[in-house]
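Give the three-dimensional model of this entry:
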Amino acid sequence: MYQLKKISMAIAMIGFSTAAFMGQSVAVPLDSANVNPQATSINEANISKSNANQANAAKDISPVTNGVSQKLAGDSKTANALNKFLPTIKYTTDNLSVSAQKVNNATWKEGMSIDRIIGTKLQALLNWHHNGVGPVDGYWGKNTRKAMQAFQQANGLAVTDTLNNETWQALTKDEKLMVQPVLVSYQITDADVTIKTTEIPAGAEAKSKLEGLYYENITEALAEKFHISENYLKTLNPKASFIAGETITVYNPSNPNTKPVSRVVADKVTETLYAYDDKGNLVASYPTTVGSIATPSPTGTHTVEVKVHEPNYTYTAKDGSKSILPPGPNNPVGSVWIGLSKPSYGIHGSPDPDRISRQASAGCIRLTNWDALALLGVIQNGAAVEFKE
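Okay, the predicted model is just below:
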């Protein structure tokens with residue numbers, strides 16, 4: 001759990017005293033959050049502009065990316081925020097391996113098994129319809145099944161435990177989306193390899209002495225950039241050295257949801273966060289971890305009070321001593337903190353994307369860093385956050 005409090009002109013999240021769980025403190029709030037450090041809640045001054053923002057969001061380019069992913073056109077509030085948080089990815093389909101081409105050309109028919117080729121295509125299609133699967137790894141598993149069921153729910157289809165023809169047809173009815181490449185060629189840039197890295201120690205006190213909780217290596221950073229598991233990235237590039245100028249095969253993340261989100265539901269049973277627009281339409285879903293037996297999440301409905309990019313994190317030991325952990329993707333709450341009106345609770349990122357839906361949280365809603373960033377760009381101040389048993 002995390003407790004929100006004010007420190008001068010900064011925002012800090014302080015956790016309850018325990019050796020097992022931590023709290024968060026933040027130095028710089030998200031500009032677009034309109035946070036008043038002297039107030040006790042967010043002032044929803046922009047509510048009257050929501051219809052205009054949604055109209056602008058509708059003009060943003062579709063998920064068909066045509067050589068550039070995560071670069072949204074238009075001048076809506078959400079497009080500007082997403083362009084700020086997510087890296088622009090330029091790619092080609094030149095010199096793809098035969099196996100990569102098989103993924104891009106893959107199709108499924110009733111009775112076929114879901115091997116890694118079909119599995120990668122299926123995960124991509126679900127992601128591109130804004131139903132997140134966690135790190136793309138090509139395997140049918142818990143998070144892929146949940147994403148499929150969220151897609152079925154959003155499209156009025158029967159909710160099933162296995163892929164069926166009706167669902168596949170709905171996923172592939174957009175011809176432009178169907179021919180968008182899943183695996184693409186990407187030339188590693190100087191910026192990709194000159195990032196700061198560090199070895200992450202185990203203890204909070206040792207972590208607090210670091211300049212930042214950066215990635216531990218280049219492949220971890222690249223995997224998160226492309227929303228892919230680090231193991232799968234290495235499998236796709238068995239001979240790669242991951243140096244500047246080298247061309248590697250990566251997953252094409254396409255573009256995130258750009259529709260403003262006015263309500264989210266954290267379902268503790270399905271371990272999924274469902275995002276809705278102001279008309280009640282399901283516009284995105286994300287695999288999540290919601291609380292644990294030791295530190296259960298709250299009940300009822302609360303509201304978004306603060307939004308922070310690159311938060312600090314404060315660990316409170318049993319003896320009351322505190323260690324402030326610096327920002328970074330390997331911060332215990334990842335790259336994002338979305339604090340709620342319920343003191344000490346929020347939606348946040350994670351340093352372990354592979355463990356989403358497979359780990360406990362300290363009562364909060366845990367997402368992958370890329371899903372948390374995508375949500376940060378579209379969730380409205382004062383948005384309702386419902387915890388569903």
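
With Lys279 as the reference, measure out to Thr258.
15 Å (CB to CB, to the nearest Å). C-beta coordinates here come from the backbone N, C-alpha and C atoms, glycine included.

Comparing those two, which shows the higher neighbour count?
The neighbour comparison of Thr258 against Lys279 (other CB atoms under 10 Å) goes to Thr258, with 29 against 9.

And the helices in the stretch 201-350 of the chain, which stretches?
According to DSSP state H, counting those that start in this stretch, the stretch 201-350 of the chain carries its helices in the segments 204-208, 218-225, 230-236.

Show me what the mean pLDDT comes to for the second one.
Mean pLDDT, computed over helix 218-225, is 98.

Which residues does that helix contact?
Contacts with helix 218-225, where a contact means CB atoms under 8 Å, 6 or more residues apart in numbering, come from 87, 89, 135, 188, 192-193, 195, 197, 215, 229-230, 232-234, 242, 248, 250, 329, 353, 369-370.

Which ones among those lie within strands?
Ile89, Ile248, Val250 (DSSP state E).

Who are the contact partners of the closest residue to Ser99 other than its chain neighbours?
If you skip the residues right next to it in sequence, Ser99 has Ile117 as its closest partner in space, 7.6 Å away by CB to CB, 6 or more residues apart in numbering. The contact partners of Ile117, taken as CB under 8 Å, 6+ apart, are Ser99, Lys102, Val103, Ala106, Gly138.

Which members of these are positioned in strands?
Secondary-structure check on the contacts of Ile117 using DSSP E: no residue lies within strands.

Quick check, central residue of this protein?
A centroid search over the chain (CA atoms, centre = their mean) returns Asp371, at 1.1 Å, as the residue closest to the centre.

And the residue lying closest to that residue once chain neighbours are set aside, how close does it get to Asp267?
The shortest distance from Asp371 to any non-neighbouring residue, by CB to CB, 6+ apart, is to Tyr286 (4.3 Å). Taking CB to CB as the measure, Tyr286 and Asp267 are separated by 11 Å.

swap in Asn281?
The spacing between Asn281 and Asp267, counted by CB to CB, is 17 Å.

Next: Thr197.
Using CB to CB, we find Thr197 at a distance of 36 Å from Asp267.

what do you get for Val306?
Taking CB to CB as the measure, Val306 and Asp267 are separated by 23 Å.

Give me the more crowded residue out of these two.
Val306 (23 against 18).

Tell me, how many residues neighbour the closest residue to that one other than its chain neighbours?
Distances taken as CB to CB, 6+ apart put Gly339 closest to Val306, at 4.0 Å, once the chain neighbours are dropped. Residues lying near Gly339 (other CB under 10 Å) number 30.

do the same with Met178
Number of residues near Met178 (other CB under 10 Å) recorded here: 14.

what's it in contact with, if anything?
With contact set as CB under 8 Å, 6+ apart, Met178 has these partners: Leu125, Thr172.

Against Ala106, how distant is it?
If you measure Met178 against Ala106 using CB to CB, the figure is 10 Å.

what's the answer for Lys268, then?
Between Lys268 and Ala106 the computed distance is 34 Å (CB to CB).

In this structure the residue nearest to the centre of the chain contacts Ala275, no?
No: counting by CB atoms under 8 Å, Asp371 does not reach Ala275; the two are 10.0 Å apart.

Overlap of the contact sets of those two?
Contacts common to Asp371 and Ala275, judged by CB under 8 Å, 6+ apart, are Tyr286.

lowest confidence element among the helices and strands of the chain?
Using mean pLDDT, DSSP states H and E, strand 3-7 stands out as the lowest-scoring helix or strand of the chain, at a mean of 30.

coming back round to it: can I get the ones in strands among the contacts of helix 218-225 in CSV including neighbour count, distance to Asn131 and pLDDT?
Rendered in CSV, the data for the ones in strands among the contacts of helix 218-225 read as follows (neighbours: other CB atoms under 10 Å; distance: CB to CB, whole Å; pLDDT from 0 to 100):
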residue, neighbour count, distance to Asn131, pLDDT
Ile89, 19, 20, 97
Ile248, 21, 26, 98
Val250, 26, 21, 98
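
returning to what we had before: confidence score at the residue nearest to Asp371?
98.

So the closest residue to Ala383 other than its chain neighbours versus Lys176, what's the distance?
If you skip the residues right next to it in sequence, Ala383 has Val304 as its closest partner in space, 4.5 Å away by CB to CB, 6+ apart. Noted for Val304: a distance of 34 Å to Lys176, by CB to CB.

So between the two, which is more surrounded?
Counted by other CB under 10 Å, Val304 and Lys176 do not tie: Val304 has more neighbours, with 25 against 10.
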